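Chemist: Return a 3D structure for these sequence lines:
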Amino acid sequence: MTSSHSIIRQLQALAEPSYRDFAASLIPGGMPLLGVRLPALRQLARQLAKDTPAWQHYLSDESTPHWMEETMLRGMLPGYIRDLSLEERLDMLERFIPLVTNWSICDSCCATYRFMRSHRETVLPWLQTRIRSRQQYTARLGIVCLLMHYLPDPAWAPHVAESLAHVQADGYYAIMAAAWCCCELYLRYPELGTPLLQDTGSPLPDAVRHKAAQKIRESHRHTPTTA
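Modeler: Have a look, this model is predicted:
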């Protein structure tokens, strides 16, 4: 049976102090880091996901994780555990979202939620509810999932554009996620991104529009014909 203490011991064995110091300089919030690199953390999450009694016992511990890597591990499991229903996965995400306290936890975990690609129609309203949240990391999680799992499919790009119009959070990391998504939308589908960037008539907050325009100008894919 896998306990939180045994998981922490495994994380400590994978930790690199020099990487910890580097990562801590990039991630705000002051949550303690052990210094486990992302590929090693993903591998540990995959291993844990294969052992049903182990991950069930691990996730039954409702205490707040102390280490950032422990939080990320919990957030990756909904994407890696097999034979879960969509309802079970979303329920696990509901319990995980309050633990998200920085952009690194959010984005690294969102990348594992490839199950959303097989359930886009069902998951979209769930994501849109999170996107409307005024809590910046709840909103960021919804936006980043759209960016990673919906935007690459042209058939779903219009839904991304429509969803961005409902961003309400004014926190920096929600604004930056919306700007990132808007930038990618414009660069891939300019006909959808252009109305969001207009000075008049755009539903986006000014802060998002301005950051998106800045990202577009700085993008290596940007050319004068897509300005």
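Chemist: Quick one: the helices in this structure, in order.
Modeler: Assigned helices in the chain, in chain order: 4-14, 17-26, 38-49, 52-59, 68-80, 86-96, 103-110, 120-131, 136-149, 157-164, 172-188, 190-197, 206-218 (criterion: DSSP state H).
Chemist: Can you tell me which of those helices is nearest to residue 32?
Modeler: helix 68-80 (6.7 Å; Cβ to Cβ). Backbone N, C-alpha and C define where each C-beta goes, glycine included.
Chemist: And the average pLDDT for that closest one is what?
Modeler: For helix 68-80, the mean pLDDT works out to 96.
Chemist: likewise stretch 210-225?
Modeler: Here the average pLDDT along stretch 210-225 is 79.
Chemist: ok, residue 163 - contacts?
Modeler: 124, 127, 128, 131, 142, 143, 146 (Cβ atoms under 8 Å, 6 or more residues apart in numbering).
Chemist: what do you get if the cut-off is 10 Å, keeping everything else the same?
Modeler: 124-125, 127-128, 131-132, 142-143, 146, 150, 156, 178, 181 (Cβ atoms under 10 Å, 6 or more residues apart in numbering).
Chemist: what does residue 188 give?
Modeler: Per Cβ under 10 Å, 6+ apart, neighbours of residue 188: 151, 152, 154, 157, 160, 221.
Chemist: Residue ranges of each domain in this structure, please.
Modeler: Domain ranges of the chain: 1-102, 113-227, per automatic domain parsing.
Chemist: hmm, back to that, which ChimeraX command selects the buried ones in the contacts of residue 163?
Modeler: With 16 or more other Cβ atoms under 10 Å as the criterion, this ChimeraX line picks the buried residues out of the contacts of residue 163:
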select :124,127,131,142,143,146,150,156,178,181
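Chemist: The contacts of residue 163 into a markdown table, with extra columns for pLDDT and distance to residue 72?
Modeler: A markdown table is the format used below for these (pLDDT from 0 to 100; distance: Cβ to Cβ, whole Å):
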| residue | pLDDT | distance to residue 72 |
| --- | --- | --- |
| 124 | 98 | 25 |
| 125 | 98 | 26 |
| 127 | 98 | 20 |
| 128 | 97 | 25 |
| 131 | 96 | 22 |
| 132 | 95 | 25 |
| 142 | 98 | 18 |
| 143 | 98 | 19 |
| 146 | 98 | 20 |
| 150 | 98 | 23 |
| 156 | 98 | 27 |
| 178 | 97 | 23 |
| 181 | 97 | 22 |
